[in-house]
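# Fold the following, please.
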Amino acid sequence: MTDQDPTTRAEGLQGVLDAIEGAVTQARAMPMSSSVLVNRAELLELVDQAREALPTQLSAADEVLADADQARARAQAEADAIVAAARQQAAELVEAEAVTVQARERAAEIVAEAQATAERLQRDADDYCDRRLADFEIDLGKLLSQVQGGRAKLAGRLGDV
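Numbers count the residues shown, from 1 in each chain. Presented below is the predicted three-dimensional model:
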């Protein structure tokens, strides 16, 4: 028998189990035996309370597990999204790097072509100028000969006077 009134309700499953333990611990021992005398009504009442508390405790535990599963699923989905975004960004960076490398190579080709064209144009311009100057030199040579011839005629006429 216990000091606890069987009509007093233990709070929660843990309280009911504590009350059952207390009832067995405080029960009167049978002489020459490890058996004890317990109040059947009191223990049955405590077992009923345990049965009533158990669904509430299990429901609460199920809710906690469901919440934990939802939180884990959200965290996993978020992690998957972050990984996917990181992979996408890495791919874009690699692609951008490849485009940059190609652009630099193409720019170097264009610069080399432009330099070659500029050098060719410079040579062509120098050749043109040289030809024009040579033509001018020939024309000046002819003009010089004419001037010298004209002066010689004049000198001849001046010498006749």
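
# buried set for stretch 17-29?
Within stretch 17-29, the residues that qualify as buried by neighbour count (16 or more other CB atoms under 10 Å) are 19-20, 23, 27. Heads up, the C-betas are built off the backbone N, CA and C, glycines and all.

# What about those residues, which are in strands?
Secondary structure from DSSP state E places none of the buried residues of stretch 17-29 in strands.

# possible to save these as JSON lines with pLDDT?
Below are the buried residues of stretch 17-29 laid out as JSON lines (pLDDT from 0 to 100):
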{"residue": "Ala19", "pLDDT": "87"}
{"residue": "Ile20", "pLDDT": "85"}
{"residue": "Ala23", "pLDDT": "86"}
{"residue": "Ala27", "pLDDT": "82"}
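
# Who are the contact partners of Leu43?
Shown here is Leu43, whose contacts under the criterion CB atoms under 8 Å, 6 or more residues apart in numbering are 20, 23.

# Check Ala53 too.
12-13, 15-16.

# Now the two most distant members of the buried residues of stretch 17-29.
Considering CB to CB, no two members of the buried residues of stretch 17-29 lie farther apart than Ala19 and Ala27, which are separated by 12.6 Å.

# distance of Leu17 from Arg120?
As judged by CB to CB, to the nearest Å, Leu17 and Arg120 stand 101 Å apart.

# quick check: mean pLDDT across the helix or strand hosting Asp124?
With elements delineated by DSSP states H and E, Asp124 resides in helix 40-160, which encompasses its position. Averaging pLDDT along helix 40-160 gives 90.

# distance between that helix and the chain's centre?
Relative to its chain's centre, helix 40-160 lies at 19 Å (CA atoms, centre = their mean, to the nearest Å).

# Next: stretch 30-40.
The chain centre lies 71 Å from the centre of stretch 30-40; the measure is CA atoms, centre = their mean.

# Kindly check the end-to-end length of it for me.
Using CA to CA, to the nearest Å, the end-to-end distance of stretch 30-40 comes out at 15 Å.

# Report the buried residues of it.
Counting neighbours by 16+ other CB under 10 Å, one finds that the buried residues in stretch 30-40 are Val38.
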